[in-house]
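**Student:** this one's structure only:
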């Protein structure tokens, strides 16, 4: 048997149910897929590899899955701070996007986000933005796996002057990227309060036709819940359920203000929830009832949201903060244990995005999306429990190597698919344009 790549020299965390960590383990890859996981001696005895990636005594594990973000908003990092969501969005972000976010700036911001994500150990993201065709090209070139929709709102966006054109662009994207190795084309409606019932239904029908994910912001703020309840007589979750929008393909971002009945609907329809703890805290939107969601069997995992409201794409940092937050709020130190956090970062994220059949664990047949986390810093010694280390002590800067679909995209913390110095120079060159656009 021939292997294209063997990742060895560390402890393998397969993240498969019931399978323990494999000390001195290895992962063998052929054709972008994992073909063997086990003790390094056994893997190396089976066949030579064209390439060997040495974990250097670190941890070998599935890559992190960011279930909700707005990639190109890296260019708006820090432009509007310390504001509630409605004011932040309507008075600052939407005007800035209309002024600045053309196809070229979206590509640049997406490239910056891809670089930041990969170096932080994120191998898959769920984007929700505009100029989706350019986003898809950019993430594919960077070697980042991504769910990519064209977003629809009932008013003009940076890429679509009308919702009708957005629907056309969504269909074209779904047709063009069907079966793509890295890009999962999707449908996105901004929210129940910014998209009409008629357009929400069209979105759901399009997603159903292609078997595609449908991404939507849902129950993010009290204001949203009060508005929808006053207008529709039901909560935002119940409103979408009544319209037939909710399904196992729905990726609902936030779900901060949800009732017990809402949780029942999310569980009944097998909706995937993308929880964004840091963005929700920073915007003062609240804290999603993630432990209660987990107790109800709801698919829930972490997202960073965009870099304009976080202000990083450091998913590990966000998960660590969430784990501590829920312990503190509940007064229960057993709440959100380390292993659960790591599941939410990996296979849990894959389940939310409908990708659990191809990523999220290290096992034969899955695509080879994995990272090597270094244990060469003082904070990593001694190491008794790798899951506890990742949940409480590790930093995203400890990510040493990154592999996506069998391709090494970060080696020894260096990006191989993106010219980082040139990228940063390009971003700095447009900073004054961004500043002028925001202030104008």
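**Tutor:** Nice, thanks for sending it over. Values in this document were obtained by computation on a predicted structure and should not be read as measured data. Numbering: from 1, shown residues only.
**Student:** tell me which stretches of the stretch 51-200 of the chain form helices.
**Tutor:** 85-87, 94-100, 103-119, 132-142, 163-176, 197-210 (DSSP state H, counting those that start in this stretch).
**Student:** buried set for the last one?
**Tutor:** Yep, that's helix 197-210 we're talking about. Going by neighbour count (16 or more other C-beta atoms under 10 Å), the buried part of helix 197-210 is 199-200, 202-204, 206-207, 210. C-beta here means a position set from N, CA and C on the backbone, and glycine is covered the same way.
**Student:** again with the fifth one
**Tutor:** Using 16+ other C-beta under 10 Å as the test for burial, helix 163-176 gives 163, 166-167, 169-171, 173-174.
**Student:** so which elements touch the lengthiest strand in the chain?
**Tutor:** Under DSSP state E, the strand in the chain containing the largest number of residues is strand 49-62. The helices and strands touching strand 49-62, judged by 3 or more C-beta pairs under 8 Å, 6 or more residues apart in numbering; DSSP states H and E, are strand 3-12, strand 22-30, strand 370-373, helix 386-392, strand 399-404, strand 407-411.
**Student:** pairing partners for the shortest one, with directions?
**Tutor:** Strands adjacent to strand 370-373 in the sheet, as given by DSSP bridges, are strand 49-62 (antiparallel), strand 399-404 (antiparallel).
**Student:** please apply the same query to the second one.
**Tutor:** If you go by DSSP bridges, strand 22-30 pairs up with strand 3-12 (antiparallel), strand 33-39 (antiparallel).
**Student:** most tightly packed of those strands?
**Tutor:** Looking across the strands paired with strand 22-30 with neighbours counted as mean count of other C-beta atoms under 10 Å, the highest average goes to strand 3-12: a mean of 23.
**Student:** tell me the mean pLDDT for it?
**Tutor:** In this model, strand 3-12 has an average pLDDT of 97.
**Student:** okay, the angle between it and strand 407-411?
**Tutor:** 50 degrees (axes from the mean of the first three to the mean of the last three C-alpha atoms, to 10 degrees).
**Student:** chain center to strand 3-12, what's the gap?
**Tutor:** Remark: strand 3-12 is offset 25 Å from the chain centroid, using C-alpha atoms, centre = their mean, to the nearest Å.
**Student:** try stretch 281-292
**Tutor:** How far stretch 281-292 lies from its chain's middle: 17 Å, per C-alpha atoms, centre = their mean.
**Student:** use 508 as the first number from now on
**Tutor:** Fine by me, first position is 508 from now on; the one you just mentioned is stretch 788-799.
**Student:** which strand or helix spans residue 780?
**Tutor:** Counting by DSSP states H and E, the element that carries residue 780 is strand 779-782.
**Student:** list the helices and strands that strand packs on?
**Tutor:** Strand 779-782 is packed against strand 757-761, helix 797-802, strand 806-809, helix 854-859, with contacts defined by 3+ C-beta pairs under 8 Å, 6+ apart.
**Student:** tell me the helix or strand right after that strand.
**Tutor:** If you walk from strand 779-782 toward the C-terminus, the next helix or strand you reach (DSSP H and E) is helix 784-789.
**Student:** rounded mean pLDDT for that next one, please.
**Tutor:** So the average pLDDT for helix 784-789 ends up being 97.
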